[in-house]
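3D, please:
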Amino acid sequence: MINFLKQHPLILMLPLAFYLYDLAFENTAIFWYMYTFAMLILMSLAIVFVKIFDELVTWKSLTYGTGFGLLIYSIFALGFQLLLLTPFNITESVGDFLASYAPFSIWHYLLLMFIIVPSEEVFWRGLVQQKLKQYLPVSLAVTASSILFGLALILIGFWPGALAGVIAGLILGFLYEWKKSMPVIIVAHLVMIVVLFLIFPLSV
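Next comes the predicted model:
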């Protein structure tokens, strides 16, 4: 049984991830503590089961990461503007989410930079995506891991975030398969967050 779980860790890891996400988002007052705790657990487990790739030199990781981070932000910003033209009440949904969970202190950004973003990428792209490749072709594994990442957000009722998570997951997932570099997707994720929350936040 233990050997089977070592070969197929997603059987336990995915339910644990959904449980921890739900637990973290349950109480906004302690969200940042619980989410950081959840991500540390998931990253620690991921490192046990998979090899994390880092095949790019630093300057290339920064260059590709910055470029793709800006690309993801641009897609989010354009998608938000397009959704404003639909009957969906996107402004209220996004506004409520940002009011409850958006980073607003230097402490939050430090947690994102050093724990939360690296942990998310190591878990979803490093573990989930790589283990799904045991059962699926690469393109389907990337797609499936992106959808699972989005599902973790839709469980809290934030469907725009779930859609954004799937889109970001697809881009970061294929970027990881292309460049075989965990730092490059961490940089991309961080650049997207900095631009989204600090430089050009969405008008809600």
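
can you pull up the most central residue in the protein?
Taking Cα atoms, centre = their mean as the criterion, Glu120 is the residue nearest the geometric centre of the chain, at 5.2 Å.

for the helix or strand hosting that residue, C-alpha coordinates in CSV please.
Counting by DSSP states H and E, the element that carries Glu120 is helix 117-121. Provided in CSV are the C-alpha atoms of helix 117-121 (Å, rounded to 0.1, in the frame of the first residue of the first chain):
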residue,chain,number,x,y,z
VAL,A,117,4.0,31.7,-4.9
PRO,A,118,7.0,29.3,-4.8
SER,A,119,4.9,26.7,-2.9
GLU,A,120,2.0,27.0,-5.3
GLU,A,121,4.2,26.5,-8.3
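
which elements pack onto that helix?
Where contact means 3 or more Cβ pairs under 8 Å, 6 or more residues apart in numbering; DSSP states H and E, helix 117-121 is packed against helix 31-49, helix 182-194. All C-beta spots, glycine's among them, are computed from the backbone N, C-alpha and C.

do that again at 6 Å, thanks
helix 182-194 (3 or more Cβ pairs under 6 Å, 6 or more residues apart in numbering; DSSP states H and E).

got the CA positions of the helix it packs on in CSV?
This file holds the C-alpha atoms of helix 182-194, laid out as CSV (Å, rounded to 0.1, in the frame of the first residue of the first chain):
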residue,chain,number,x,y,z
MET,A,182,10.9,26.3,-11.7
PRO,A,183,12.4,29.8,-11.1
VAL,A,184,11.1,31.1,-14.4
ILE,A,185,7.4,30.3,-13.6
ILE,A,186,7.9,31.6,-10.0
VAL,A,187,9.2,34.9,-11.5
ALA,A,188,6.3,35.0,-14.0
HIS,A,189,3.8,34.4,-11.2
LEU,A,190,5.4,37.1,-9.0
VAL,A,191,5.5,39.7,-11.8
MET,A,192,1.9,39.1,-12.6
ILE,A,193,0.9,39.7,-8.9
VAL,A,194,3.0,42.8,-8.5
